[in-house]
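Student: show me the folded form of this:
(3 chains)
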Amino acid sequence: MTIESIPTTHTNEFASSDVQTLLERIDTLEQRIAQLESAPAQDLENMLSMVVFSGDMDRAIAAFIIATGAAAMGMDVSMFFTFWGLSVVKKQKVYDGKNMVEKAFTAMLPAGTQTLALSQMNFFGAGAAIMRKLMKDHEVTSLSELVELARELGVRMVVCDMSRELLGVRDDELIDGLEMGGVATFMGDAARSKVSLFI
Amino acid sequence: MTIESIPTTHTNEFASSDVQTLLERIDTLEQRIAQLESAPAQDLENMLSMVVFSGDMDRAIAAFIIATGAAAMGMDVSMFFTFWGLSVVKKQKVYDGKNMVEKAFTAMLPAGTQTLALSQMNFFGAGAAIMRKLMKDHEVTSLSELVELARELGVRMVVCDMSRELLGVRDDELIDGLEMGGVATFMGDAARSKVSLFI
Amino acid sequence: MTIESIPTTHTNEFASSDVQTLLERIDTLEQRIAQLESAPAQDLENMLSMVVFSGDMDRAIAAFIIATGAAAMGMDVSMFFTFWGLSVVKKQKVYDGKNMVEKAFTAMLPAGTQTLALSQMNFFGAGAAIMRKLMKDHEVTSLSELVELARELGVRMVVCDMSRELLGVRDDELIDGLEMGGVATFMGDAARSKVSLFI
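Tutor: Down below sits the predicted model:
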């Protein structure tokens, strides 16, 4: 309904039928706005959520470049480290007090950004070393610096409880500043994020 | 415009210029709301969509833990199984009536949650067996139970038509309760989902 | 507040207290709409953004089937090729004027859709060849045709600057119609996309 089509009285009186129409329009507006306000889209924040499932160096680098890039652009960022992704946020290996399977996993899984392998062309670590050298030569921030940068930029880093238990990873093997959480933690963040990625 | 700044007449008359202003404001509101209502964001539902491309046991576990977790939190969930992901929803291998390439694929591709390999540290199946044992020891729901749980929670499971044809997978090789669909089925779900993941 | 509950005067006069109530309601509506209009969800467009990180033929096919499918459904689509994903948009290998590491990468990395490997069951290229044959037999559009189709459908294809530099990929090695960009280019697109995928 355009303004032109509304029958106004052109006097300083306002007919009761006009009042009724007007009140109905406002009433309808209030209902429509309430519906918009309760729509799922309204939960969205300027936020990025990621599952870091992979423990590959190249994928971890991609994850942290996207995370720090988004944080630098003013977005809230949440990273959820699960399965092999735990290797990315390990700082050391600890064997004391672990059972045999846990010790085997500890031995075989990399611990920390310097020991991760490439997903392709790894050549028993040579590819990963070349990648690290190339990044240094081209002055690309290294993975360990990216992790540090993410922490400084306030990126939320959550470690999957279940994965930690399954792989026998202890608290003192992990870098500082991590939270513990489960799938509900991730989904809670993802459901209010404009962007969600599984890496 | 705040209420204080509106020149009301303080009599029980309502000047026609005021009426005009008021009608214009309501008119503008109606246009702004119509624009909000037709915005792409309004299509969003409290929903999670996933492409399950990988046939790795660990990735399939992650997919179903996220899917069932989201469903338990009240979200609608849709999973689209494509390429190697078809192995996750196979229950058996059938060779009858297949051509040679299809028989070869059938022989080589795993069928069902018990035969999937790990994406890392698989060691010709030993890694996958250790993972299954670890999950049992730690009372983590097994993959086959997770698939069953997903079905009970009403998770929509769609099998990619094109992949099924390419890999020569027959209906009687698949678990029950699956729908058939194509990329349009997935994109239709993803376009109204708050969260979309490619696994 | 329903229409029935509003005390209208039933004369052609409109009490100043009613006017005040009415103006307050409109004022509130304007504030609520302004809030809705400035919500993060309002940035969303009918758009799909993808990171193509993988250089595997099967994952590239999945990426382009989803991309062209979404474009055919009327969505804007943006693809960001990074790391091994660069191989998907290479048309040839050039060795002239490269240093030794760059030459090694050029030799080892595939260039173009015909030379990509499968992520699983590749068997030194046999799997990829079988997949290409299967796609042809089943009249599924080939990867190179999908890339061409994507370009025709107006899919935005952005190459990651940093990856190009790291892997020593030159402009004349890439197919036509690509843009150069960084993580900010991707995040800018992803933040206004209803669907984002990392492949």
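
Student: show me where chain A has helices.
Tutor: A:16-37, A:57-72, A:100-108, A:126-137, A:143-152, A:161-166, A:183-190 (DSSP state H).

Student: now do the fourth one against helix A:57-72, angle only.
Tutor: In terms of direction (axes from the mean of the first three to the mean of the last three Cα atoms, to 10 degrees), helix A:126-137 departs from helix A:57-72 by 30 degrees.

Student: what does the last one give?
Tutor: With the same axes, to 10 degrees applied, the angle from helix A:183-190 to helix A:57-72 works out at 50 degrees.

Student: before we move on, what about the first one?
Tutor: Counting by the same axes, to 10 degrees, helix A:16-37 lies at 150 degrees to helix A:57-72.

Student: check contacts around the residue nearest the centre of chain A.
Tutor: Residue closest to the average C-alpha location in chain A (Cα atoms, centre = their mean): A:Ser49, at 2.0 Å. Residues near A:Ser49 by Cβ atoms under 8 Å, 6 or more residues apart in numbering or on different chains: A:77-80, A:186, A:189-190, A:193, A:195-197, B:195. In this view, the C-beta of every residue, glycine as well, is placed from N, C-alpha and C.

Student: ok, back up a step: which one of the helices of chain A lies nearest to B:Ile61?
Tutor: With Cβ to Cβ as the measure, helix A:161-166 is the member of these nearest B:Ile61 (9.8 Å).

Student: average model confidence for the closest one?
Tutor: Helix A:161-166 carries an average pLDDT of 92.

Student: find me the pLDDT at A:Ser87, would you?
Tutor: Reading off the confidence values, A:Ser87 has pLDDT 93.

Student: now do A:Glu13
Tutor: In this prediction, A:Glu13 carries a pLDDT score of 55.

Student: cool, and A:Ser38?
Tutor: A:Ser38 is given a pLDDT of 94.

Student: for it, grab the count of nearby residues.
Tutor: By the criterion of other Cβ atoms under 10 Å in any protein chain shown, A:Ser38 has 9 neighbours.

Student: do the same with the one 3 residues further on
Tutor: Using other Cβ under 10 Å as the criterion, A:Ala41 is surrounded by 24 other residues.

Student: quick check, pLDDT for it.
Tutor: So A:Ala41 comes in at 95 (pLDDT).

Student: which ones are touching it?
Tutor: B:41-42, B:44, B:194, C:39, C:41, C:44.

Student: same question, A:Asn122
Tutor: A:Ala128.

Student: count of neighbours near A:Leu109?
Tutor: Counted with other Cβ under 10 Å, A:Leu109 comes out at 20.

Student: angle of the strand ranked longest in chain A against helix C:183-190?
Tutor: As assigned by DSSP state E, the longest strand anywhere in chain A is strand A:45-52. Strand A:45-52 runs at 110 degrees relative to helix C:183-190, counting by the same axes, to 10 degrees.

Student: hmm, back to that, would TSV of the contacts of A:Ser49 with distance to chain C, neighbour count and pLDDT be doable?
Tutor: Formatted as TSV, those follow (distance: Cβ to the nearest Cβ, whole Å; neighbours: other Cβ atoms under 10 Å in any protein chain shown; pLDDT from 0 to 100):
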residue	distance to chain C	neighbour count	pLDDT
A:Val77	10	25	98
A:Ser78	14	24	98
A:Met79	13	28	98
A:Phe80	14	27	98
A:Phe186	15	26	98
A:Asp189	14	24	98
A:Ala190	11	28	98
A:Ser193	10	25	98
A:Val195	5	28	98
A:Ser196	7	27	98
A:Leu197	4	27	98
B:Val195	9	28	98
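
Student: and those residues, which is closest to B:Met100?
Tutor: A:Leu197 (39.6 Å).

Student: C:Ile199 is in contact with that closest one, correct?
Tutor: No - in this structure, A:Leu197 is not within contact of C:Ile199 by Cβ atoms under 8 Å, at 9.9 Å.

Student: overlap of the contact sets of these two?
Tutor: C:Val51.

Student: and the gap between the closest residue to A:Phe186 other than its chain neighbours and A:Val52?
Tutor: Nearest non-adjacent residue to A:Phe186, counting by Cβ to Cβ, 6 or more residues apart in numbering or on different chains: A:Phe80, 4.1 Å away. Using Cβ to Cβ, to the nearest Å, one obtains 7 Å as the distance from A:Phe80 to A:Val52.

Student: one more: A:Ala63?
Tutor: For A:Ala63, the distance to A:Val52 - Cβ to Cβ - is 5 Å.

Student: any common contacting residues for the two?
Tutor: With Cβ under 8 Å, 6+ apart, A:Ala63 and A:Val52 have common neighbours A:79, A:88, A:199.

Student: is it true that the first one touches A:Ala70?
Tutor: Yep, that's A:Met79 we're talking about. No - using Cβ under 8 Å, A:Met79 is not in contact with A:Ala70, being 10.5 Å away.

Student: sweet, I'm off.
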